[in-house]
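> The following comprises the amino acid sequence and a computationally predicted model.
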Amino acid sequence: MTSQPTDSPVQAASLTEVEPYGVERIPDAERTASPFDLFRVAFGGANTFSTCVLGAFPILFGLSFWQGLAATVLGVLAGALILCPMAVFGPVNGTNNAVSSSAHLGVHGRVVGSFLSLLTAVAFFSISVWSSGDALVGGAHRLFGLSRGPLSYVVAYALFAGLVLAVCVYGFRFMLFVNKIAVTSATVLFLLGAVAFADDFDPSYAGSFTASADAATQAMFWPSFIGAALIVLSNPVSFGAFLGDWSRYIPADAPRRRVVGAAFLSQVATLLPFVFGLATASIIATRAPKYVDPAAPDFVGGLLAISPSWFFLPVCLLALIGGMSTGTTALYGTGLDFSSVFPRLSRVRATLLVGVVSIAFIFVGRFALDLVRSISTFATVIITCTTPWMVVMILGFFTRRGWYDPDALQVFNRRQRGGRYWFTHGWNWRGMTAWWVSAVLGVLCTDIPGQFVGPLGDLANGVDISLPLSLAVAAVLYLSLLWLFPEPRAAYGPEGARWVRTKETPVPPITGAAEHPALADALR
């Protein structure tokens, strides 16, 4: 997989030229990105300091290094397998995944994807700003004696969030440029960190679940292991709503296996920052245990406490570069999609609005809430709700044999009615039912030790079964509903349906607000 030549339209345009496209189908002439570009954006968005923070959670949950490594590998691989099929919608439809979901949830039901992407963006944008801001303030304190008072954090968060917001406003080309730099530089800095901590690292770190631990502690092993794996898994799955934002610039005739492979490998590669966070957390637990106290964990502070003085500057650079990458990949897609839900807002205005709301959430979360508990609970619940939506999308793609009507997908964005995906008053209750039933059941069965336990969280003796249960329920329920209540034959391609039945139903004509210059400008 190689990058496109520099004379391609996407690459040749000025970085300071604001991206003109919203969620309308990208013209074929402009779709000159490659699967490798998708790899760089997706990996760059996760090869960051905030991923290190997530990588520290297995240690915070009391696991040993090797137990934590097993949970991390399990979470990354499972998440990558769930995520990678979501990459194909962008090249096929030339638009983002929320718009593509119209085919399976209905013209109006596509707002579910927009809502999930908004929550995910706020959560992971906040993680990037929090972790990077804390690292910058902590590094400046060690290097220059900067006060670590509230004012320093407020200024650091505001400046950092402002930089991320500026990149998102300029759009895809600027974001791709940032991620090109981030992939290489962050990787070099992580490898440099391996040198910095090599002498202190001990893979035999035992954690809390040792042979001498009491019975009550031993009973918490599997809940802690599964909980840690789910938090790791939340990172790759969080990209599910966003992959189409970047892959829509890949030509429709690009080999699908390469697109899917790029998405999968981009997440496998994140084992680098995850293992860095895991290894350094085990060092912190040994040398500075107060920083991994479950009552008030502070991974960033602990990392700075154990770092050699020459590594303070690399930590600050890692925080700056990586945070920019994570923040832009999280915020860009949500601003893009939000503009389609509220067409009076341009892409730029929608991005600014979502950014301001996210910044407000950042300050509230940092100064008024339990930060670590908020991150882990919010991330797990979001993923529990997002994964069933992804299951509906993937199975829908399979049953449709990858065929979609690009014009009918845009009915919502044009404020029209009718078309192949109108179903029942704009809602496809089959996909909607499969999503909400499995999502609600997953939340009810969530069990995060010491943080959030749903009403049905104890069904498996403290082991969190929310994700596998919601996955299975979504798949079985969706396929059953498609078989028992067939969709219109017109929603499927020339080759017909796969695995499910269809019925002959007239396609309602597309009517309503015609696309005119003012609306076209608004959609941009």
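Everything's here; your move.
> Any figure for the gap between A350 and V268?
The gap separating A350 from V268 is 33 Å, by CB to CB, to the nearest Å. Every residue, glycine included, has its C-beta placed from N, CA and C.
> Please apply the same query to A211.
As judged by CB to CB, A211 and V268 stand 33 Å apart.
> Ok, G442 next?
With distances taken as CB to CB, G442 is found 25 Å from V268.
> Neighbour count for those two, which is higher?
When neighbours are counted by other CB atoms under 10 Å, G442 and V268 differ, and G442 comes out ahead with 28 against 16.
> Thought S208 was touching T217, still the case?
Yes: with contact defined as CB atoms under 8 Å, T217 reaches S208; the gap is 6.0 Å.
> These two: which is more packed in?
S208 (18 against 14).
> Skip the chain neighbours and tell me the closest residue to that one.
Closest residue to S208 apart from its sequence neighbours, by CB to CB, 6 or more residues apart in numbering: G62 at 3.4 Å.
> Phi, psi for that neighbour please.
Backbone geometry at G62, expressed as degrees, to the nearest 10, gives phi 90, psi 10.
> what about it, neighbour count?
Neighbours around G62, by other CB under 10 Å: 23.
> from now on call the first residue 54
Understood, numbering begins at 54; the last thing we discussed is G115.
> Quick one, grab the pLDDT at it.
What the model reports as pLDDT for G115 is 93.
> Next one: it from W475, what distance?
From G115 to W475 the distance is 52 Å (CB to CB).
> mind listing the strands for the stretch 254-403 of the chain?
Here the stretch 254-403 of the chain has no strands by DSSP state E, counting those that start in this stretch.
> what's the answer for the chain, then?
According to DSSP state E, the chain carries its strands in the segments 469-470, 500-501, 505-506, 540-541, 555-556, 564-565.
> Residues contacting the fourth one, please?
By CB atoms under 8 Å, 6 or more residues apart in numbering, the list of residues contacting strand 540-541 from outside reads 473, 476, 481, 483, 550, 553, 555-558, 560.
> what's the answer for the first one, then?
By CB under 8 Å, 6+ apart, the residues outside strand 469-470 that reach it are 160, 464, 479, 561, 563-567.
> What is the neighbour count of D252?
D252, neighbours per other CB under 10 Å, totals 9.
> list the contacts for it?
The contact partners of D252, by CB under 8 Å, 6+ apart, come to none.
> coming back round to it: and the gap between the residue nearest to S261 and L283?
Counting by CB to CB, the separation of G115 from L283 is 15 Å.
> Quickly note the distance from L196 to Q320.
Applying CB to CB to L196 and Q320 gives a distance of 34 Å.
> Those two: who's more crowded?
It is Q320, of L196 and Q320, that has more neighbours when counted by other CB under 10 Å, with 25 against 13.
> Let me see the contact set for the closest residue to V445 other than its chain neighbours.
Leaving aside its sequence neighbours, V445 sits nearest to G484 (CB to CB, 6+ apart; 4.8 Å). Residues near G484 by CB under 8 Å, 6+ apart: 157-159, 162, 445, 449, 531.
> so what's the residue nearest to I180 when sequence neighbours are not counted up against?
Excluding the flanking residues, the one nearest I180 by CB to CB, 6+ apart is S103, at 4.5 Å. Contacts here follow CB under 8 Å, 6+ apart; on that basis S103 touches 177, 180-181, 183-185, 375-376, 379.
> Check L520 too.
283, 286, 436-437, 440, 495.
> Can you get me a residue count around N100?
Neighbours around N100, by other CB under 10 Å: 30.
> Need the nearest residue in space to it, chain neighbours excluded.
Closest residue to N100 apart from its sequence neighbours, by CB to CB, 6+ apart: A239 at 4.8 Å.
> likewise V394?
S167 is the one closest to V394 (CB to CB, 6+ apart), at 5.1 Å.
> burial count for that neighbour?
Residues lying near S167 (other CB under 10 Å) number 23.
> Likewise for A566?
By other CB under 10 Å, 11 other residues sit near A566.
> That one against R468, yeah?
Yes: the pair A566 / R468 is scored as a contact, 4.2 Å apart, by CB under 8 Å.
> Turn the contacts of S103 into CSV, including neighbour count, distance to I501 and pLDDT.
Putting those into CSV (neighbours: other CB atoms under 10 Å; distance: CB to CB, whole Å; pLDDT from 0 to 100) gives the following:
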residue, neighbour count, distance to I501, pLDDT
F177, 31, 18, 75
I180, 29, 16, 76
S181, 31, 22, 78
W183, 24, 19, 80
S184, 25, 20, 77
S185, 30, 25, 80
G375, 29, 25, 73
G376, 28, 25, 74
T379, 28, 22, 74
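> Would you mind finding the most buried of the strands of the chain?
Counting by mean count of other CB atoms under 10 Å, strand 500-501 has the highest mean neighbour count of the strands of the chain, with a mean of 24.
> Give the closest residue to the most centrally placed residue in the chain in space, chain neighbours not counted.
The centroid of the chain falls nearest to S291 when counting by CA atoms, centre = their mean (2.3 Å). For S291, ignoring the flanking residues on the chain, the nearest one in space by CB to CB, 6+ apart is T173 at 5.1 Å.
> Then G495?
The shortest distance from G495 to any non-neighbouring residue, by CB to CB, 6+ apart, is to S523 (3.2 Å).
> How many neighbouring residues does D346 have?
Neighbours of D346 using other CB under 10 Å come to 12.
> And it, how close does it get to P521?
Taking CB to CB, one finds D346 at 31 Å from P521.
> roughly how far out does the longest helix along the chain sit from the chain middle?
The longest helix of the chain (DSSP state H) is helix 164-197. Distance, stretch centre to chain centre, for helix 164-197: 13 Å (CA atoms, centre = their mean, to the nearest Å).
> what packs against it?
If you count contacts as 3 or more CB pairs under 8 Å, 6 or more residues apart in numbering; DSSP states H and E, helix 164-197 packs onto helix 102-108, helix 150-153, helix 203-223, helix 352-359, helix 365-394, helix 400-421, helix 424-452.
> Using CSV, lay out those helices together with distance to T333.
Output for these, formatted as CSV (distance: least, CB to CB, whole Å):
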stretch, distance to T333
helix 102-108, 7
helix 150-153, 34
helix 203-223, 21
helix 352-359, 6
helix 365-394, 10
helix 400-421, 22
helix 424-452, 16
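> Can you tell me which of those is nearest to W299?
Using CB to CB as the measure, helix 365-394 is the one of these that comes nearest W299, at 7.9 Å.
> and the closest one with helix 352-359, angle?
160 degrees (axes from the mean of the first three to the mean of the last three CA atoms, to 10 degrees).
> For the residue lying farthest from the centre of the chain, give me the pLDDT.
For the chain, the largest distance from the centre (CA atoms, centre = their mean) belongs to S265, which lies 39.0 Å off. Listed pLDDT for S265 reads 89.
> again, but for A567
At A567, the pLDDT value in this model is 54.
> what's the answer for T333, then?
What the model reports for T333 is a pLDDT of 96.
> Kindly report the same for Y545.
For Y545, the pLDDT comes out at 96.
> and it, what does it touch?
Contacts for Y545 (CB under 8 Å, 6+ apart) come out as 452-454, 456, 555.
> Quickly note the distance from A413 to V175.
Distance from A413 to V175, counting by CB to CB: 10 Å.
> Oops, could you answer that again for A109 instead?
Separation of A109 from V175 (CB to CB): 22 Å.
> and what of L245?
32 Å.
> what's the answer for A492, then?
18 Å.
> for T452, same thing?
32 Å.
> ok, those two, which is more surrounded?
The residue with more neighbours, out of T452 and V175, is V175; 24 against 21, by other CB under 10 Å.
> ok, that one - contacts?
By CB under 8 Å, 6+ apart, the residues touching V175 are 387, 407, 410-411, 414.
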